[in-house]
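Student: sequence-free structure coming up:
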């Protein structure tokens, strides 16, 4: 089975968030997909399979399957439109989060994702102990979103990974106003076996609905301030989040799977 490794939300190679994209000709078992994700040891491995004019798409972390992933969707769209069907400008993926459409606009790929509804949570001592900083406010969708005072606070964060596991949410994100970008963030997923996700698309389905109405802008430039770093070009259309970004191919490989699968 052919596998591609793509840096997503990346302005250049070795930045953004690397995802493995496997192109399956026949159905794969959940156990096999999970084992491949563990073997790759990336934050996400995506599995593509052709369905009519579109593709089925599933995402696996080393800790199991996830219901929404932005960077691996962008990487999958890059594989479809650059390598499998060069010249194609749009593709729709059937996923656990419904149909997700990605459109190519110049050198960017624009993802149309569902926004998460955010409800405010009381800031707790456990949150501040896990993050090691003062939290301005806390919000919960699928994930926990903690708003911090400054970009410097976000960048300097060294959270307690075990303490993060006890907090609400599947992932835990921190965000603050940016100095060059409109907002900055970092994303942590110890519950999924990932200490830090370099650039988290689904996390921005929390971050963009939080920041956009507070800035008065129609569009946001968001920067994920991980060690690798990544830029997202964001907007909202109704209850949908639009995430734009670039991608770079790192590797192509052939997987040798048991039983010829």
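Tutor: Looks like it came in fine. Treat the numbers as computed from the prediction; the structure is a model and nothing was measured.

Student: where does this structure dip in pLDDT?
Tutor: By pLDDT under 70, the weakly predicted segments of the chain are 260-261.

Student: do that again at 90, thanks
Tutor: Low-confidence segments of the chain, defined by pLDDT under 90, span residues 257-261.

Student: quick one: the helices in it?
Tutor: Secondary structure of the chain (DSSP state H): helices at 30-40, 70-78, 125-131, 151-155, 161-165, 204-215.

Student: which one of those is the most hemmed in?
Tutor: Among those, helix 70-78 has the highest mean neighbour count (mean count of other CB atoms under 10 Å), at a mean of 31. In short, each C-beta sits where N, CA and C put it, glycine included.

Student: which residues are contacting that helix?
Tutor: Contacts with helix 70-78, where a contact means CB atoms under 8 Å, 6 or more residues apart in numbering, come from 4, 6-9, 16-17, 19, 21, 43-46, 48, 55, 57, 59, 91, 93, 95, 100, 102, 104, 109, 111, 113, 199-205, 230, 243, 245, 247, 249.

Student: now swap in stretch 132-140 and tell me
Tutor: Identification of contacts with stretch 132-140 by CB under 8 Å, 6+ apart yields 118-124, 127-128, 144-149, 153, 157-160, 168-169, 206, 210.

Student: hmm, try it at 6 Å
Tutor: In this structure, residues lying in contact with stretch 132-140 by CB atoms under 6 Å, 6 or more residues apart in numbering are 118-121, 123, 127-128, 145-147, 153, 168-169.

Student: before we move on, what about stretch 189-203?
Tutor: With contact meaning CB under 6 Å, 6+ apart, stretch 189-203 is reached by 9, 16-17, 43, 61-63, 68-71, 161, 164-165, 171, 173, 187-188, 224, 226, 228, 230, 243.

Student: what's the PyMOL syntax to select whichever of those are buried?
Tutor: Only the buried entries of those go into this PyMOL selection, using 16 or more other CB atoms under 10 Å:
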select buried, resi 9+16+17+43+61+62+63+68+69+70+71+161+164+171+173+187+188+224+226+228+230+243
